[in-house]
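Enquirer: could you work out the structure for the sequence below:
(chains A and B)
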Amino acid sequence: MNTGRRVRTRFAPSPTGPLHMGGVRTALFNYLFAKKHGGDFLLRIEDTDQTRYVPGAEEYIIEALNWCGIHIDEGVSAGGPHAPYRQSERKAEGIYLKYAMQLVHDGHAYYAFDTPEELEAMRQRLTAAKVVAPQYNAIVRQSMKNSLTLSEDEVAKRIASGDPYVIRLNVPRNEEIRFEDIIRGWVSVNSAQVDDKVLLKSDGMPTYHLAHIIDDVLMEISHAVRGEEWLPSAPAHILIYRYLGWEEQMPRYAHLPLLLRPDGNGKLSKRDGDRLGFPVFPLNWTDPNTGEQSSGYREKGYYPEAFVNMLALLGWNPGTNQELFSMDELIQAFSFERVSKSGAKFDPEKTRWFNQQYLRKHSLHELALEFDKVLKSKNINRSQQFVERFCELIREKAHFVNEFWELGSYFFEIPGTYDSKVIEKKWNLTSSAAMNKLHAVFNQADSWDMSGINQMIAVVETGGDKVDKQLLRVLITGVSSGASLVEMMELLGKEDVVTRIEKALKALPEIK
RNA sequence: GGCCCGUUCGUCUAGGGGUCUAGGACAUCUCCCUUUCACGGAGGAAACACGGGUUCGAUUCCCGUACGGGCUACCA
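Expert: Numbers count the residues shown, from 1 in each chain, chains lettered A, B, ... in the order given. This is a model prediction of the structure:
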């Protein structure tokens, strides 16, 4: 079974909306595995359900992968020797019909003419009869309208007259189907549990079951990596490979554990949106039909590296204590052997932690560049040196660059109000005397650096006036906590500090 | 309901029969650093779902039960 061939993986989403983080992780694992083995990562768009097509979804998917640093070697947006990579376009070329007909010809598939009403009636009948698994299968099909029960003439007549029909897989009644999943090992299912899946719909479109198999083989996919929700239908897929005579070309399957909702039950779904208090999408998304907006990690201020790092560690681990991985390190370390079998709830708190880690990894130059956008929007102009030093002082308190302003706006604006709690408690005759003296000493300073500032404070204190640091902080910044006091004062500079204290001394209430 | 998959601290996980008094990370708590906040440092609390086997010995292997998840469409 395809050992030793070039590793080629694919991510094959259907464009029914934005990609959620579970989808991103599936893409990531496909990508990591392909790159680890020097292979190719393809993007195929599975748009065979015309009723669920959402405009903009495909562009969203591509942009999201791009933001994450997951590069597409081949496929939609990248092109390649197996184009087209959109299934609707492949259908137009008659690719799927050909193989569906081959299956019918070989007796492995058949025409079925049952109407939706008839199918529904059948299910109700079976349910009423307490049949354990009501589905279109080897027994049920004998009483339905299909090319196995109808005469050849009747079938030909119906097709000729344009009766709608589907093509279904002819699943054997009782046969053990086994396949080896890379993550789960041998999985065994009796064909009695597998229904006669629709392969070709009445609109001529293939279903996922048929289309992905044909495309995987035609596109020379070596490993099909997908979510665990596909595990139950995998036996049907094995059958299709067999009936098409493609057991040699069949990719190895790897079914990934699902991403679960952090708040309790069920797999994470697109519908979770922002309801849980954190994004489930990589990028912002506005639904073109409902106008409903969903937030994304990018717009929330997460670094793609942090997002990817977090995702990689959900269901996979390196077997060491390392937690911070660049994409290259992930590629180096990745293997399916270390992918766990059970679903993972993800933790928004840890995601924040990852971002904090990356925030600290970025150079001051990079941070200053990012924060400069905020300053520009506020028409504030400061030297690069000032902004970089600011970032250095403020970043240890933040998880995101977009918190910098709230955390340290006082570096750029002279305060207009003063923390009332501190003032109430500490603003009195003695403290104001000390502040006045300090102001005078600062005003006469001829040099301005940390040790100088400390010395000046010491001078005032030796004179008998206790300098309350918290009060001083409030006079300068207006708030009771923030960056290291003396370092902050140094950065602000003598003029600014003196001005601020002066203003505060005037603005503060008369002393009782 | 049926079928399939799974089950180690609250969460992500390490662990493939003795080294487990079960390790790491996030979160949480305490202390130190800092007359602030945070960072950092030190420490604490916190888990092998249950019952049977197999074995000299099971967190590790097998079976059952419970629980969780997935699937059960002319959706993917």
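
Enquirer: what about the helix or strand containing residue A:199, near RNA strand B?
Expert: Assessed by DSSP states H and E, residue A:199 sits inside strand A:198-200. Yes: counting by C-beta under 7 Å from any atom of the strand, RNA strand B is contacted by strand A:198-200 at residue A:198. Yep, even glycine has a C-beta here, placed from its N, CA and C like the rest.

Enquirer: how about the residues of the stretch 1-150 of chain A by RNA strand B?
Expert: A:12-14, A:16, A:46, A:48-49, A:52, A:114-116, A:119, A:123, A:132-136.

Enquirer: try it again with 10 Å
Expert: Within the stretch 1-150 of chain A, the positions near RNA strand B by C-beta under 10 Å from any atom of the strand are A:12-16, A:23, A:44-53, A:87, A:112-120, A:122-123, A:126-127, A:130-137.

Enquirer: how about the helices in the stretch 201-350 of chain A?
Expert: Per DSSP state H, counting those that start in this stretch, the stretch 201-350 of chain A carries helices over the ranges A:208-218, A:234-243, A:297-300, A:304-312, A:327-333, A:348-361.

Enquirer: which of the ones you listed is buried the deepest?
Expert: Mean neighbour count, computed with mean count of other C-beta atoms under 10 Å, is highest for helix A:304-312 among the helices of the stretch 201-350 of chain A, reaching a mean of 23.

Enquirer: that one packs against which elements?
Expert: Other elements packing on helix A:304-312 under the criterion 3 or more C-beta pairs under 8 Å, 6 or more residues apart in numbering; DSSP states H and E are helix A:21-36, helix A:57-68, helix A:327-333, helix A:348-361.

Enquirer: export the ones you listed as a markdown table, with columns for mean pLDDT.
Expert: Listed next are the helices and strands packed on helix A:304-312 as a markdown table, based on pLDDT from 0 to 100:
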| stretch | mean pLDDT |
| --- | --- |
| helix A:21-36 | 97 |
| helix A:57-68 | 98 |
| helix A:327-333 | 97 |
| helix A:348-361 | 96 |
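
Enquirer: quick one on the thing from earlier: buried subset of the residues of the stretch 1-150 of chain A next to RNA strand B?
Expert: Among those, those classed as buried by 16 or more other C-beta atoms under 10 Å are A:12-15, A:23, A:44-49, A:87, A:112-114, A:122, A:126, A:134-137.

Enquirer: among those residues, which ones are in helices?
Expert: Among these, DSSP state H puts A:23, A:87, A:122, A:126 in helices.

Enquirer: want to throw the helices and strands packed on helix A:304-312 into a markdown table with distance to residue A:148?
Expert: Converted to a markdown table, the helices and strands packed on helix A:304-312 look like this (distance: least, C-beta to C-beta, whole Å):
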| stretch | distance to residue A:148 |
| --- | --- |
| helix A:21-36 | 37 |
| helix A:57-68 | 38 |
| helix A:327-333 | 50 |
| helix A:348-361 | 53 |
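
Enquirer: which stretch among those helices comes nearest residue A:369?
Expert: helix A:348-361 (13.6 Å; C-beta to C-beta).

Enquirer: buried residues, stretch A:171-180. List them.
Expert: Buried residues in stretch A:171-180, counted by 16+ other C-beta under 10 Å: A:171, A:177, A:179.

Enquirer: so what does residue A:97 look like in phi/psi?
Expert: Main-chain torsions, residue A:97, degrees, to the nearest 10: phi -60, psi -40.

Enquirer: that one: neighbouring residues, count only.
Expert: Each residue near residue A:97 was counted by other C-beta atoms under 10 Å, and the total is 16.

Enquirer: what does residue A:466 give?
Expert: 12.

Enquirer: so it, which state does it fall into?
Expert: Of the three states, residue A:466 takes coil according to DSSP: H, G, I helix; E, B strand; the rest coil.

Enquirer: how about it, what does it touch?
Expert: Listed by C-beta atoms under 8 Å, 6 or more residues apart in numbering, the contact partners of residue A:466 are A:430-431, A:434.

Enquirer: look up how far RNA strand B lies from it.
Expert: Residue A:466 sits 6 Å away from RNA strand B, going by C-beta to the nearest atom of the strand, to the nearest Å.
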